[in-house]
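Asker: could you look at this predicted model? Sequence included:
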Amino acid sequence: MKSIHAVFANDGEWFIARCLDYPVTTQGRTLAAAKKNLQEAVELYLETWGGAGQGRPLKDVYLASLAVGA
């Protein structure tokens with residue numbers, strides 16, 4: 001079993017779950033549901049794109065706020 005890093009945000013209706021190690025994002029109505037959905041989505045990603053033993057998580061992860069013009 002691998003450990004992953006994730007960020008969860010609540011938009012008032014859904015919890016958005018984003019994996020920091022793999023390009024996977026999902027959602028759930030509750031935090032527990034979002035965590036479960038992210039776990040399943042990452043497992044499916046690894047099965048589809050490289051196998052559970054071949055995934056390559058990032059060694060360093062940086063979280064930053066940036067200003068963008070939109």
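Answerer: Sure, I can see it. Because the structure is predicted, anything quoted here is derived from the model rather than measured.
Asker: any weak-confidence spans in the protein?
Answerer: Within the chain, the ranges that satisfy pLDDT under 70 run 50-58.
Asker: can you show me the helices along the chain?
Answerer: Taking DSSP state H, the helices of the chain run over residues 31-49.
Asker: identify the residue nearest the geometric centre of it.
Answerer: C19 (1.8 Å; CA atoms, centre = their mean).
Asker: tell me the bridge partners for it.
Answerer: For C19, the beta-bridge partners are A6 (DSSP bridges).
Asker: right, and it touches K2 too?
Answerer: No. C19 is beyond contact range of K2, at 11.0 Å (criterion: CB atoms under 8 Å). Glycine gets a C-beta too; all of them are placed from N, C-alpha and C.
Asker: and for A17, the neighbour number?
Answerer: 24 (other CB atoms under 10 Å).
Asker: I misspoke; the intended subject was Y45.
Answerer: 15.
Asker: my guess is it meets D21, correct?
Answerer: No. The pair Y45 and D21 does not pass the contact test of CB under 8 Å, sitting 10.1 Å apart.
Asker: OK, contacts around the residue nearest to T30 when sequence neighbours are not counted?
Answerer: Nearest residue to T30, sequence neighbours excluded (CB to CB, 6 or more residues apart in numbering): F15, at 6.5 Å. By CB atoms under 8 Å, 6 or more residues apart in numbering, F15 lies in contact with F8, A9, Q27, G28, R29, T30, L31, A33, A34.
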